[in-house]
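Visitor: from the sequence below, what's the structure:
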Amino acid sequence: MPPIPAPLAALLAATGLLAAWTDWRRRRIPNWLTISALALGIALQMALNGVSGAKASLAGAGVAFLVYLPLYLLRAVGGGDLKLMTAAGAIGGPSAWLFLFVLSCLVGGVVAITMVLAQGRLRRTLANVFLILRELAALRPPHRASSELDVKSESGLRLPRGVVIGLSITVYVAALAFGR
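Guide: Next up is the predicted model:
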């Protein structure tokens, strides 16, 4: 697990917790949070590590943006999720962000499977997975084949991704704090 300095970990934790809270309550991650976290991440990285910190911060933000932009364009994640992960990349740098990305995928998978089973939607979800794969193989955006696959649609099972990302950030920061 890539370590990050305590001030960056504190900023990351605060950002993740606030994003999780607002996404849970309002189904939105506010711009004031993500943009200020991005700017503070770059500034703090630079204050702690000079030019190399600024480069790491911009690299982390860039990697996060490049990974999440296609997901946003396919309407698999919302704009707040894209901005939150970009800010997390700026705060933690590319190594920490890649770890967070994998962790959030694993946590998101567990939460999604739990939601699917709890709501009795296994068959429907599997059909949607095959529809997604078929549409992507044909180079078509899946949300055009079914409105359920659009992150903005009310008809599908909606996973609050900001909550999952915030939970993943909290697990990461707690492991850093208690693992030392």
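Visitor: tell me, how many residues neighbour the nearest residue to Val63 once chain neighbours are set aside?
Guide: Once flanking residues are discounted, Val63 sits nearest to Pro94: 4.9 Å by Cβ to Cβ, 6 or more residues apart in numbering. All C-beta spots, glycine's among them, are computed from the backbone N, C-alpha and C. Residues near Pro94, counting by other Cβ atoms under 10 Å, number 18.
Visitor: so where's the chain uncertain?
Guide: Within the chain, the stretches with pLDDT under 70 are 180.
Visitor: circling back: and the one helix or strand the residue nearest to Val63 maps to, what does it pack onto?
Guide: Pro94 belongs to helix 79-118 when assigned by DSSP states H and E. Packed against helix 79-118 by the contact rule (3 or more Cβ pairs under 8 Å, 6 or more residues apart in numbering; DSSP states H and E) you find helix 6-26, helix 31-73, helix 161-179.
Visitor: what angle separates that helix from helix 31-73?
Guide: 70 degrees (axes from the mean of the first three to the mean of the last three Cα atoms, to 10 degrees).
Visitor: how far is the following helix or strand past helix 79-118 from where the chain is centred?
Guide: With elements assigned by DSSP H and E, the helix or strand that comes after helix 79-118 is helix 122-137. Averaging C-alpha positions (Cα atoms, centre = their mean, to the nearest Å) puts helix 122-137 22 Å from its chain's average.
Visitor: hang on, the earlier thing: can you give me the buried ones in the helix holding Pro94?
Guide: Judged by neighbour count (16 or more other Cβ atoms under 10 Å), helix 79-118 contains these buried residues: 80-101, 103-104, 107-108, 111, 116.
Visitor: just want the angle from it to helix 6-26.
Guide: Using the same axes, to 10 degrees: helix 79-118 against helix 6-26 is 60 degrees.
Visitor: could you chop the protein up by domain?
Guide: Under the assignment automatic domain parsing, the domains of the chain span 6-118+160-179, 122-156.
Visitor: now do the first one: distance to the chain's middle.
Guide: Between the mean C-alpha point of domain 6-118+160-179 and the mean C-alpha point of its chain there is a distance of 5 Å (Cα atoms, centre = their mean).
Visitor: measure it end to end?
Guide: 13 Å (Cα to Cα, to the nearest Å).
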